[in-house]
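Asks: The sequence and its predicted three-dimensional model are supplied below.
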Amino acid sequence: MYLRNHSKVLIRKVQGLLDKNSHIPIYIQIEEILKQRIYLEEYKIGENIPSERELSVQFDVSRMTVRQSITNLVNSGLLYREKGRGTYVANPKLEQPLMGLTSFTEDMRARGMEPSSKVLRFEKIIPPVDVAGDLLLEPGEEVFFVVRIRNADAKPMAIEKTYIPVKVYPELDEKKIMGSLYALIEAKFHQKIGNAIQQMEAAIVAKEDSKYLQIKGTAPVLIIKRTSYLADGVPFELVRSTYRADRYKFISEIKR
């Protein structure tokens with residue numbers, strides 16, 4: 001009896017949060033209430049939220065209205081659905097400003113997270129023609145080809161495929177590449193990094209990358225191609241990074 005009465009009290013409190021006379025649509029009001037519950041950790045990351053039926057009873061609205069609120073939160077990345085299981089609170093996405101040239105290691109440490117890498121490949125190769133062109137290499141010149149999984153707090157965030165001209169850093173080895181390449185260049189080689197050209201596109205993850213990123217084979221990803229230059233204009237790196245779209249978003253400030 002107590003639990004039944006307690007549930008009725010809770011439902012009345014929840015309904016009281018809605019203003020059905022407001023010009024703000026009910027589904028948006030519900031969306032904001034659910035956001036508050038997520039931010040206050042009433043709904044915790046990785047846990048499922050109440051079903052559409054349960055929420056429609058709590059708010060005394062139709063399931064269609066609740067569904068619209070939940071869909072908006074799914075589209076914004078706060079929630080995600082699993083077919084046949086329910087709706088869950090998503091991991092918050094890391095924001096990466098599109099200004100300033102920083103490494104993955106620097107980005108993660110600035111957020112209070114512990115970066116780490118796992119090297120899958122490290123070898124000298126003759127690069128593809130397009131890579132050689134971007135790095136201003138002559139035919140036959142070699143690069144170090146490095147494939148790394150980049151983790152934050154031991155969770156996979158991205159997989160990087162990096163091409164570094166051997167003639168620029170002939171002493172590079174697998175041990176040196178475990179940390180930040182940018183820190184290595186500035187602290188060990190005493191060179192100044194100048195600028196980079198970066199391209200970004202959305203895609204579906206490649207099958208070979210999905211297992212390393214621990215995502216489904218149909219999951220969306222963000223693909224970043226960056227060519228980085230020393231202060232004297234010499235290109236020292238071309239990297240193609242595949243980021244988990246559910247854990248990363250890029251922010252750009254635009255001024256007129």
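Replies: Received the coordinates, thanks. This one's a predicted model, so the numbers in the text were calculated from it and none came from an experiment.

Asks: shaky segments in the chain?
Replies: Within the chain, the ranges that satisfy pLDDT under 70 run 1-16, 93-102, 249-255.

Asks: Can you list the residue ranges for strands in it?
Replies: Defined through DSSP state E, the strands belonging to the chain, from first to last, are 79-82, 86-89, 94-97, 115-125, 143-152, 155-165, 193-204, 220-230, 235-244, 248-251.

Asks: can you redo those as a markdown table with distance to residue 65?
Replies: C-beta: built from backbone N, CA, C; applies to glycine. Putting these into a markdown table (distance: least, Cβ to Cβ, whole Å) gives the following:
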| stretch | distance to residue 65 |
| --- | --- |
| strand 79-82 | 16 |
| strand 86-89 | 15 |
| strand 94-97 | 31 |
| strand 115-125 | 43 |
| strand 143-152 | 37 |
| strand 155-165 | 35 |
| strand 193-204 | 31 |
| strand 220-230 | 28 |
| strand 235-244 | 32 |
| strand 248-251 | 28 |
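
Asks: and of the ones you listed, who's closest to residue 177?
Replies: Of all those, strand 143-152 sits nearest to residue 177, with 5.6 Å by Cβ to Cβ.

Asks: List the strands paired with that closest one, with their directions.
Replies: Neighbouring strands of strand 143-152 in its sheet, by DSSP bridges, are strand 115-125 (antiparallel), strand 155-165 (antiparallel).

Asks: list the buried ones in the last one?
Replies: Okay, so that is strand 155-165. For strand 155-165, burial by neighbour count (16 or more other Cβ atoms under 10 Å) applies to 156, 157, 158, 159, 160, 161, 162, 163, 164, 165.

Asks: try stretch 227-237
Replies: 227, 228, 229, 230, 235, 236, 237.

Asks: Spatially, which two of those residues are the most separated?
Replies: Pairwise distances across those (Cβ to Cβ) peak at 11.7 Å, for the pair 227 and 230.

Asks: Would you tell me which one of the buried residues of strand 155-165 comes nearest to residue 72?
Replies: Distance to residue 72, by Cβ to Cβ, is smallest for residue 157 among the buried residues of strand 155-165, at 25.7 Å.

Asks: Now do that closest one against residue 225, distance only.
Replies: Counting by Cβ to Cβ, to the nearest Å, the separation of residue 157 from residue 225 is 17 Å.

Asks: now do residue 61
Replies: As judged by Cβ to Cβ, residue 61 and residue 225 stand 46 Å apart.

Asks: Those two: which is more packed in?
Replies: The residue with more neighbours, out of residue 61 and residue 225 and counting by other Cβ atoms under 10 Å, is residue 61; that gives 19 against 15.

Asks: Now do the contacts for the closest residue to that one other than its chain neighbours.
Replies: With Cβ to Cβ, 6 or more residues apart in numbering as the measure, residue 26 is the residue that lies nearest to residue 61, at 5.9 Å, once sequence neighbours are left out. With contacts taken as Cβ atoms under 8 Å, 6 or more residues apart in numbering, residue 26 has the following neighbours: 18, 20, 59, 61, 65.

Asks: Nearest to residue 46 among the residues you listed?
Replies: Where the contacts of residue 26 are concerned, and distances follow Cβ to Cβ, residue 46 has its nearest neighbour in residue 59, at 24.0 Å.

Asks: Wait, the closest one touches residue 66, no?
Replies: Yes - using Cβ atoms under 8 Å, residue 59 is in contact with residue 66, at 6.8 Å.

Asks: who has more neighbours, those two?
Replies: Comparing residue 59 with residue 66 by neighbour count (other Cβ under 10 Å), the higher total belongs to residue 66, at 25 against 22.

Asks: what's the neighbour count on the closest residue to residue 118 other than its chain neighbours?
Replies: On the basis of Cβ to Cβ, 6+ apart, the spatially nearest residue to residue 118 that is not a chain neighbour turns out to be residue 149, at 4.5 Å. Here the neighbour count serves as a burial measure; for residue 149 (other Cβ under 10 Å) it reads 18.
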